[in-house]
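[1] Predicted structure and sequence below. I'll ask about it afterward.
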Amino acid sequence: MSRALRLGRVRPPSWWRCGFIHRALAAVLLVAGLLATAAGARAQPVHLRDDRGAELVLAQPPQRLVSLLPSLTEAVCALGACERLVGVDRHSNWPASVARLPSLGGLDDAQIERIVALRPDVVVAGLSSRALERLESLGVKVFAIEAKDHADVRRSLGLLATLIGRPEQGPLLWSRIEAQLQQAAGRTPARLRGQRVYFEIDAAPYAAGTSSFIGETLTRLGLGNIVPPPLGPFPKLNPEFIVRARPDLIMAVQRNLASMPARPGWSTLAALRSGQTCGFDAERYDMLVRPGPRMGEAALLVASCLERLDRAPR
């Protein structure tokens with residue numbers, strides 16, 4: 001094409017104009033077809049069974065969601081449907097954008113009337129939520145999910161991805177988590193491999209057992225656990241059990257870690273005396289104790305602590 005034609009100083013020949021129109025029209029039709037295909041995929045009916053065994057049937061993926069569990073809130077957002085959330089539980093705090101949404105209580109005191117008033121297509125919640133039956137009695141569709149270990153997290157991400165009409169996003173998100181877990185495992189210092197961990201969930205004390213998603217992450221990093229598998233994923237322990245177990249490493253939210261030496265008998269624990277501990281601020285600790293899309297980041301956080309302990313003077 002000549003410079004004059006490019007500058008618009010001469011009228012292009014009719015054959016060129018017709019060809020351009022045909023090419024432009026073909027491009028428009030192609031884009032329209034792709035958009036229609038995508039819209040059709042999103043509009044496919046939803047037929048799923050939740051972790052109670054209850055069936056959920058929808059004519060199309062939900063456009064208005066309420067989440068009553070922080071890990072589910074995080075998963076919905078990580079799967080690309082954060083804009084569909086119209087309300088969350090009081091503990092949901094990631095991503096930051098959910099802070100603008102109505103806060104609807106917690107596991108034991110969900111605000112039923114406010115949830116109903118938001119007209120959600122589906123409420124996603126944990127199995128232990130007391131709101132499930134009440135919401136269903138009022139005609140609200142509920143989808144309940146329980147995630148205790150890595151396999152559960154992978155499965156729950158797949159279920160949520162299918163629920164929102166983006167089934168391909170579940171495996172993609174899990175692949176990212178798996179890559180981060182592998183990266184974290186490769187960073188565990190050789191000296192600390194096999195060290196036995198007490199990971200505190202609550203000062204009661206509750207601990208993360210071997211069979212929990214946290215325990216599985218610790219295992220992936222080459223660490224041991226003072227909690228034997230028969231005690232379950234998150235057992236309440238006798239404080240004397242922990243003293244007798246003499247963990248090599250202790251991990252907890254920082255405020256609990258700071259108070260441990262004052263607990264009866266705990267000042268004798270070598271891990272506390274020698275500083276073989278990982279204390280996490282509340283924000284990072286939230287990431288560690290939620291079985292959701294940031295599980296790989298949590299493993300990297302633990303790996304960073306282990307690297308610091310390995311570099312510390314001994």
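    Yep, that arrived.

[2] Roughly how far does Leu127 sit from Pro291?
    13 Å (Cβ to Cβ, to the nearest Å). Every C-beta, even on glycine, is put in place using the N, C-alpha and C of the backbone.

[3] For these two, indicate the residue with more neighbours.
    More crowded of Leu127 and Pro291, by other Cβ atoms under 10 Å: Pro291, with 27 against 13.

[4] how is the chain carved up into domains?
    46-167, 188-311 (automatic domain parsing).

[5] how about those domains in TSV, adding mean pLDDT and distance to Ser175?
    Listed next are those as TSV, based on pLDDT from 0 to 100; distance: least, Cβ to Cβ, whole Å:
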stretch	mean pLDDT	distance to Ser175
domain 46-167	97	10
domain 188-311	97	10
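
[6] Dump those to TSV, plus distance to Gln180.
    Output for the domains of the chain, formatted as TSV (distance: least, Cβ to Cβ, whole Å):
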stretch	distance to Gln180
domain 46-167	12
domain 188-311	3
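
[7] how about the strands of the stretch 151-300 of the chain, start to end?
    196-202, 206-207, 224-225, 249-253, 277-280 (DSSP state E, counting those that start in this stretch).

[8] tell me the angle the first one makes with strand 249-253.
    In terms of direction (axes from the mean of the first three to the mean of the last three Cα atoms, to 10 degrees), strand 196-202 departs from strand 249-253 by 20 degrees.

[9] Give the other helices and strands that strand 196-202 contacts.
    strand 206-207, helix 213-220, strand 224-225, helix 239-245, strand 249-253 (3 or more Cβ pairs under 8 Å, 6 or more residues apart in numbering; DSSP states H and E).

[10] Just the C-alpha atoms of it, please, in PDB.
    Taking Å, rounded to 0.1, in the frame of the first residue of the first chain, the C-alpha atoms of strand 196-202 are listed here in PDB:
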ATOM      1  CA  ARG A 196       9.000 -32.900  65.400                       C
ATOM      2  CA  VAL A 197       6.600 -30.000  65.500                       C
ATOM      3  CA  TYR A 198       3.900 -28.800  67.800                       C
ATOM      4  CA  PHE A 199       1.700 -26.600  65.700                       C
ATOM      5  CA  GLU A 200      -0.800 -24.800  68.000                       C
ATOM      6  CA  ILE A 201      -4.300 -24.000  66.700                       C
ATOM      7  CA  ASP A 202      -5.700 -22.700  70.000                       C
END
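
[11] Centre of the chain to it, how far?
    Remark: strand 196-202 is offset 20 Å from the chain centroid, using Cα atoms, centre = their mean, to the nearest Å.

[12] ok, residues contacting that strand?
    206-208, 214-215, 218, 223-227, 234, 242, 245, 247-253, 256-257, 271, 289 (Cβ atoms under 8 Å, 6 or more residues apart in numbering).

[13] wait, doesn't Glu168 sit right on Ala161?
    Yes. The criterion here is Cβ atoms under 8 Å, and Glu168 meets it with Ala161 at 7.3 Å.

[14] Give me the common contacts of the two.
    Counting by Cβ under 8 Å, 6+ apart, nothing touches both Glu168 and Ala161.

[15] Those two: who's more crowded?
    When Glu168 and Ala161 are compared for neighbours, Ala161 comes out ahead with 24 against 10, by other Cβ under 10 Å.
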